[in-house]
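A.B. asks: Sequence first, predicted coordinates after that:
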Amino acid sequence: MPDSKPIPKELNALIEVQPLLAPLPQEVREKLIAESQVMRFNTGELLIEEDKPNHFLYLLLKGRASAIMNGTPVGELEAGDIAGEISAIGMSPPIANVIAESDMEAVAFPVESITKTAREHAEFGERLRRAAIRRVSG
């Protein structure tokens, strides 16, 4: 089970360059940060499990993760990347396992917060939908 810790203040600098989150107004980004937590994962630990409920959209802060679908590696993630967009947009349950390839940290944004933000900010919802479609289509 991952450990959690408070959100670091310098996180906003990373969010300001993350393509999905950067275009959001500053006050919306701050609200998302306030509703989130930093989670630590050990090497080999699952962030997201294929076909199981996922409750977070993750923004990787440190370390690396792999996406594995039906036992086949389909993607690598590193600091600044997001994971969980498919389930965050409600497209489907997770289609891949996301596994920490090193000890890592990620910001865990609750899916409820992401969904609410997508409803209130149509352009964010569209970026999230496009990110999920890109992930599905490879």
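C.D. replies: Arrived safely. Keep in mind that what you see is a predicted model, and the values were worked out from it rather than measured.
A.B. asks: Following element in sequence after the worst-scoring helix or strand of the chain on mean pLDDT, please.
C.D. replies: Least confident helix or strand, the chain: strand 3-5 with a mean of 55, by mean pLDDT, DSSP states H and E. Per DSSP states H and E, the first helix or strand lying C-terminal to strand 3-5 is helix 11-15.
A.B. asks: List the buried residues in that next one.
C.D. replies: Within helix 11-15, the residues scored as buried using 16 or more other C-beta atoms under 10 Å are 11, 14-15. Any C-beta I mention is one placed from the backbone N, CA and C, and that applies to glycine too.
A.B. asks: gap between that helix and the chain center?
C.D. replies: Centroid separation for helix 11-15 versus its chain: 14 Å, with C-alpha atoms, centre = their mean, to the nearest Å.
A.B. asks: What are the contacting residues of that helix?
C.D. replies: Under the criterion C-beta atoms under 8 Å, 6 or more residues apart in numbering, residues 21-22, 29-30, 33, 38, 59, 61, 79-80, 107 lie in contact with helix 11-15.
A.B. asks: In helices, which of these fall?
C.D. replies: Applying DSSP state H to the contacts of helix 11-15, the entries found in helices are 29-30, 33.
A.B. asks: Tell me the one of the residues you listed nearest residue 85?
C.D. replies: Within the ones in helices among the contacts of helix 11-15, the smallest distance to residue 85 is 16.7 Å, found for residue 29 (C-beta to C-beta).
A.B. asks: What residues does residue 105 make contact with?
C.D. replies: By C-beta under 8 Å, 6+ apart, the neighbours of residue 105 are 38-41, 60-63.
A.B. asks: Spell out the secondary structure type for it.
C.D. replies: Secondary structure, DSSP: H, G, I helix; E, B strand; the rest coil: residue 105 is strand.
A.B. asks: Quickly note the distance from it to residue 69.
C.D. replies: 24 Å (C-beta to C-beta, to the nearest Å).
A.B. asks: Quick one: residues in contact with the longest helix along the chain.
C.D. replies: Longest helix in the chain, counting residues (DSSP H): helix 122-137. Applying C-beta under 8 Å, 6+ apart, the contact partners of helix 122-137 are 19-20, 23-24, 28, 75, 82, 85-86, 88-89, 91, 95, 114, 117-119.
A.B. asks: Sweet, I'm off.
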